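In: Provided below for reference: sequence and predicted model.
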Amino acid sequence: MTRAGDDGRSGPDPAGGREARPGLRGGRRVADVVATVVLLLLGAVATVVASRGIQFMALSFGSCDAPGNRCDEGLGGTVVTLGPVVVALVFLVTLVLCVLRLVRRRLTWPVALLGLGMLVVVFVVARLLAGGAVSIGI
């Protein structure tokens with residue numbers, strides 16, 4: 001029911017919800033989807049490479065038996081065990097967030113790029129922790 005002089009198009013949504021915000025249109029939408037898919041594929045490859053790289057860091061503990069070398073095998077073992085799990089979780093969270101944003105027609109490629117950056121950060125932190133767990137003496 002409209003008031004006198006009101007054409008019924010103004011005012012809040014009668015259903016009580018928010019108005020739908022228009023999503024990306026045309027070429028911008030296609031470019032966003034293509035960029036997101038490419039970044040997610042790069043993220044999948046980076047996840048596998050980073051996970052294997054972290055597992056290979058266990059080889060650095062082979063020098064712990066040499067005289068003068070000290071190793072924190074607890075820290076190293078934790079990094080080698082939990083590092084690939086954290087890398088996989090970062091990728092899965094990125095993937096889920098990207099799918100949710102794609103479904104809602106929101107800009108998605110920055111989320112995929114941020115996820116790729118987080119993979120690199122996790123790998124670098126794991127490398128620093130594993131490297132710090134081995135002290136080579138003279």
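Out: That came through fine.
In: Could you pull up the residues touching the nearest residue to residue 113 once chain neighbours are set aside?
Out: Distance criterion Cβ to Cβ, 6 or more residues apart in numbering; nearest residue to residue 113, sequence neighbours excluded, is residue 39 at 5.7 Å. For the C-beta atoms, the positions are set from N, CA and C on the backbone; glycine is no exception. Each residue near residue 39 by Cβ atoms under 8 Å, 6 or more residues apart in numbering is listed here: 109, 112, 113, 115, 116.
In: Could you find the closest non-adjacent residue to residue 84?
Out: Nearest one to residue 84, counting by Cβ to Cβ, 6+ apart, is residue 51 at 3.8 Å.
In: from the chain's centre, how far out does the host helix or strand of that neighbour sit?
Out: According to DSSP states H and E, residue 51 maps onto helix 26-56. Distance of helix 26-56 from the chain centroid (Cα atoms, centre = their mean, to the nearest Å) equals 9 Å.
In: Flag every buried residue along it.
Out: Under the neighbour-count criterion of 16 or more other Cβ atoms under 10 Å, helix 26-56 has 32, 35, 36, 39, 40, 43, 46, 47, 50, 51, 53, 54 buried.
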